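Q: Here is a sequence together with a model predicted from it:
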Amino acid sequence: MDAAEAAPEASTSGTGAAPAPTAPAPTVVVDAVDIVYRVHGAGPALARGAATAALGRILRRRGGADAGVRTVHAVRGVTFTALRGEAVGLVGTNGSGKSTLLKAIAGLLPVERGHVYTDGRPSLLGVDAALMNDLTGERNVRLGCLAMGMSPEQIQKRGPGIVDFSGIDDKGDFSTLPMRTYSSGMAARLRFSIGAAMDHDVLLIDEALATGDRAFQQRSQARIRALRERAGTVFLVSHNNKSIRDTCDRVLWLEHGKLRLDGPTAEVMKEYERFTGGKS
């Protein structure tokens, strides 16, 4: 049998077939999630100032545990699945539930109904890298990196790069000054720089890219792309539509706590900007 006759038999046996590409694995599954805030002491009578504190206690005893408690339904029946390697933007008008949903994914808020499943440990910027106002920027870099599990050797190696990335020393040696001397934007940039110094399974970013100049935003977007290439999943909450377009390939649009649209960035942002009149 010559080579030409043997070739079809080899191909049908499957020994030379290329392996089928594997689909990205889910990293976050949000299943019919409701999140409710309860504000105590906010009943109608108390809100009008018609009852004293003592009367309020009596009313609560007579009316049961929920008397004088106002409930705020922040997230309503939200369902989606995020895959490894995705950058997912969350948009919506103020009070739509974006930050609340991020906190639930991070495990910082309980859900009223439904379930949140994550593969790996979600990291919410500004929480994992908890900074202390009385410490210098350099000391806070060490503290934040230790909190994320870095070794002293890793911190010594990466610390200067974290400060450089944040840009807090661009206009002076602010890294040697206490955090209380920083503007809110400088503190947010330092938190992002610390949190993004490690590769995360799931990285949750709330408005960090809205701070800083264009150069910092470009560095941040490049870092997010690098995280995705290392098989991480990134969630970004922002009111800056350009940051969402430049960073994310998929967008979740929340409105009044409900998931209004979930799809490719260009399609969702077109509808969202039409809804908001083009406002960021």
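A: Here it is on my side, so go on. Numbering: from 1, shown residues only.
Q: Need the CA coordinates for the helix or strand Lys270 falls within. CSV is fine.
A: With the criterion set as DSSP states H and E, the secondary-structure element containing Lys270 is helix 265-276. These are the backbone C-alpha positions of helix 265-276, laid out as CSV (Å, rounded to 0.1, in the frame of the first residue of the first chain):
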residue,chain,number,x,y,z
THR,A,265,-19.5,45.9,24.9
ALA,A,266,-20.4,47.7,21.7
GLU,A,267,-24.0,46.5,21.7
VAL,A,268,-24.7,47.1,25.3
MET,A,269,-23.0,50.5,25.5
LYS,A,270,-25.0,51.7,22.4
GLU,A,271,-28.2,50.9,24.2
TYR,A,272,-27.0,52.3,27.5
GLU,A,273,-25.9,55.6,26.0
ARG,A,274,-29.2,55.9,24.2
PHE,A,275,-31.0,55.4,27.5
THR,A,276,-28.8,58.0,29.3
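Q: and the residue most central in space within the chain, which of the three is it?
A: Geometric centre of the chain, nearest residue: Leu204, 2.3 Å, by Cα atoms, centre = their mean. Each residue gets one of three states, and Leu204 gets strand by DSSP: H, G, I helix; E, B strand; the rest coil.
Q: one step back: can you list contacts of the helix holding Lys270?
A: The contact list for helix 265-276, computed with Cβ atoms under 8 Å, 6 or more residues apart in numbering, reads 89, 91-93, 241, 244-245, 248-253, 255, 261-262, 279. Glycine gets a C-beta too; all of them are placed from N, C-alpha and C.
Q: mean confidence for it?
A: Confidence for helix 265-276, expressed as mean pLDDT, is 96.
Q: ok, Glu138 touching Pro178?
A: No: Glu138 is beyond contact range of Pro178, at 10.8 Å (criterion: Cβ atoms under 8 Å).
Q: Quick check: what element follows the host helix or strand of Gly144 along the chain?
A: With elements delineated by DSSP H and E, Gly144 resides in helix 137-147, which encompasses its position. Following the chain from helix 137-147 toward its C-terminal end, the next helix or strand by DSSP H and E is helix 152-166.
Q: Could you identify the helix or strand that succeeds that next one?
A: Sequence-wise, the next helix or strand downstream of helix 152-166 (DSSP H and E) is helix 184-195.
Q: Contacts only, for Val28.
A: Thr81, Ala82, Ile105, Val116, Tyr117, Thr118, Asp119, Pro122, Val202, Thr233, Phe235.
Q: Now list the buried members of those.
A: The neighbour count (16 or more other Cβ atoms under 10 Å) marks Ala82, Ile105, Val116, Thr118, Pro122, Val202, Thr233, Phe235 as buried among the contacts of Val28.
Q: what about the helix holding Lys270, distance to the chain center?
A: Relative to the mean C-alpha coordinate of its chain, helix 265-276 is positioned 20 Å out (Cα atoms, centre = their mean, to the nearest Å).
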